[in-house]
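K.L.:
Sequence plus predicted model, see below.
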Amino acid sequence: MKFDLKITDPKSKARAGEITTDHGTIETPIFMPVGTVGTVKGVHQSELKDEINPDIILGNTYHLYLRPKIDIIEQAGGLHKFMNWDRNILTDSGGYQVYSLSGRRKINEEGVRFKSHIDGSYHFFTPENVMETQRSIGADIIMAFDECTPYPCDFSYARRSMHMTHRWLKRCINHLEKTPLKYDYNQAFFPIVQGSTYKDLRKQSAEFIASVGAEGNAIGGLSVGEPAEELYAMTEIVCEILPEDKPRYLMGVGTPINILENIALGVDMFDCVMPTRNARNGMLFTAHGTINIKNKKWENDFSAIDEMDITFVDTMYSKAYLRHLFAAKELLGKQIATIHNLGFYLWLTREARKHILAGDFTEWKDKMVNQMNKRL
């Protein structure tokens, strides 16, 4: 993997760059649609590629390990071939899913024993077998196995967890060196900064992660319930330490405003289930604010869903028609909303890139944050 930093905005720390892997170029900043189980929920691959057009999507090791199971993915020739996707894929190691299981898992130095949310069967994740699993899935970018701490989290637990994550990282690296590639392309490896919302822990963790010299770096353990101010403060501390010549990935973040503010702090890559999950509940993101399409006010509004025409659905259907689909519980309504929201998130990061390159990102960002912080 290669990262080429093109420019840094003079009035902020926003960056425009390019990541190149064996599956193509990723222009940053970038939002990665979440394809947890080998599909971006509610969107056909042809629509994803032709209309939303992301350079990279995300899959999840925990979910793919449980279903369809790794041997099926190996037999298919890796996740790219299994889901018919010829662009980049990043896999999350499953650390966040293990965190979210709470009462279904036990964590110790060796790894995590957890109970499947599907059938109640017991499984054990270690740094070593998670690396092997990601080799088999075959993503272009794979993540270290870490523990994601909850919020709030007391200092002593956050410190113990951070140090264990660092020890697990060493085990991940050692095992990767002994585990050959499964397919005919390379995989980049990203370690993950932890430390909850404690500045000294975040600083210590970022320094340790930077010292590893990986091809890129991730920031984890945020967007788990902390106030936005804490999110931004932790991101700023970490981005000041992580190397400038490596891409920075902020995991699981977030709202359109969160994304713009973190781009301004120096983050390059984002993922979040919010655009798809909110779409299925009738919440649409636009450049002028959010729309709850289920509200009666849209019942006879025959204007376009979004007159900016970000994707083909935006001017093809009216707000009144989309509201009708939700009221009638038609699946097409959720699909249209999903395509719109994903298209908007990709549009937003691409517009951010344009303005970084043009030198007026800060002014544009401030205007967009003000516009988007409204309910229509």
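P.N.:
On my side now, so go ahead.

K.L.:
Ser196 reaches Thr149, doesn't it?
P.N.:
Yes. With contact defined as CB atoms under 8 Å, Ser196 and Thr149 form a contacting pair (4.9 Å). C-betas here are computed from N, CA, C, even on glycine.

K.L.:
residues shared between the contacts of these two?
P.N.:
158, 161-162, 221 (CB atoms under 8 Å, 6 or more residues apart in numbering).

K.L.:
among those residues, which are in strands?
P.N.:
Among these, no residue falls in strands (DSSP state E).

K.L.:
any idea which of these is the one closest to Pro247?
P.N.:
For the shared contacts of Ser196 and Thr149, the closest approach to Pro247 (CB to CB) belongs to Gly221, at 18.5 Å.

K.L.:
what number of residues lie near the closest one?
P.N.:
Counted by other CB atoms under 10 Å, the residues lying close to Gly221 total 32.

K.L.:
can you list contacts of stretch 65-74?
P.N.:
With CB under 8 Å, 6+ apart as the criterion, stretch 65-74 contacts 37-38, 64, 79, 82, 94, 116-118, 123, 133, 136-138, 182.

K.L.:
If we use 7 Å, what do you get?
P.N.:
By CB atoms under 7 Å, 6 or more residues apart in numbering, the residues outside stretch 65-74 that reach it are 37, 64, 79, 82, 116, 118, 133, 136-137, 182.

K.L.:
packing partners for the longest helix anywhere in the chain?
P.N.:
As assigned by DSSP state H, the longest helix anywhere in the chain is helix 331-358. Packing contacts for helix 331-358, counted by 3 or more CB pairs under 7 Å, 6 or more residues apart in numbering; DSSP states H and E, involve strand 15-21, strand 30-32, helix 256-263, helix 274-280, strand 283-286, helix 312-316, helix 319-327, helix 361-372.

K.L.:
Give the residue spans of the stretch 1-150 of the chain that score low on pLDDT.
P.N.:
Within the stretch 1-150 of the chain, the stretches with pLDDT under 70 are 99.

K.L.:
ranges for the strands of it?
P.N.:
2-8, 15-21, 24-28, 30-32, 56-60, 88-92, 105-107, 112-115, 122-125, 141-143 (DSSP state E, counting those that start in this stretch).

K.L.:
buried stuff in stretch 157-175?
P.N.:
By 16 or more other CB atoms under 10 Å, the buried positions in stretch 157-175 come out as 158-159, 161-162, 164-166, 168-169, 171-173, 175.

K.L.:
Adding distance to Tyr249 and pLDDT, write those out as a markdown table.
P.N.:
Below are the buried residues of stretch 157-175 laid out as a markdown table (distance: CB to CB, whole Å; pLDDT from 0 to 100):
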| residue | distance to Tyr249 | pLDDT |
| --- | --- | --- |
| Ala158 | 21 | 97 |
| Arg159 | 23 | 98 |
| Ser161 | 20 | 95 |
| Met162 | 18 | 97 |
| Met164 | 21 | 97 |
| Thr165 | 16 | 97 |
| His166 | 18 | 98 |
| Trp168 | 18 | 97 |
| Leu169 | 15 | 98 |
| Arg171 | 21 | 98 |
| Cys172 | 16 | 98 |
| Ile173 | 18 | 98 |
| His175 | 21 | 98 |
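
K.L.:
Of all the helices and strands packed on helix 331-358, which one is nearest Val212?
P.N.:
Between Val212 and these, the shortest gap by CB to CB is with strand 15-21, which sits at 18.2 Å.

K.L.:
number of nearby residues for the closest residue to Ile173 other than its chain neighbours?
P.N.:
Using CB to CB, 6 or more residues apart in numbering and skipping residues adjacent in sequence, the residue nearest Ile173 is Val212, 7.0 Å away. When neighbours are counted by other CB under 10 Å, Val212 registers 16.
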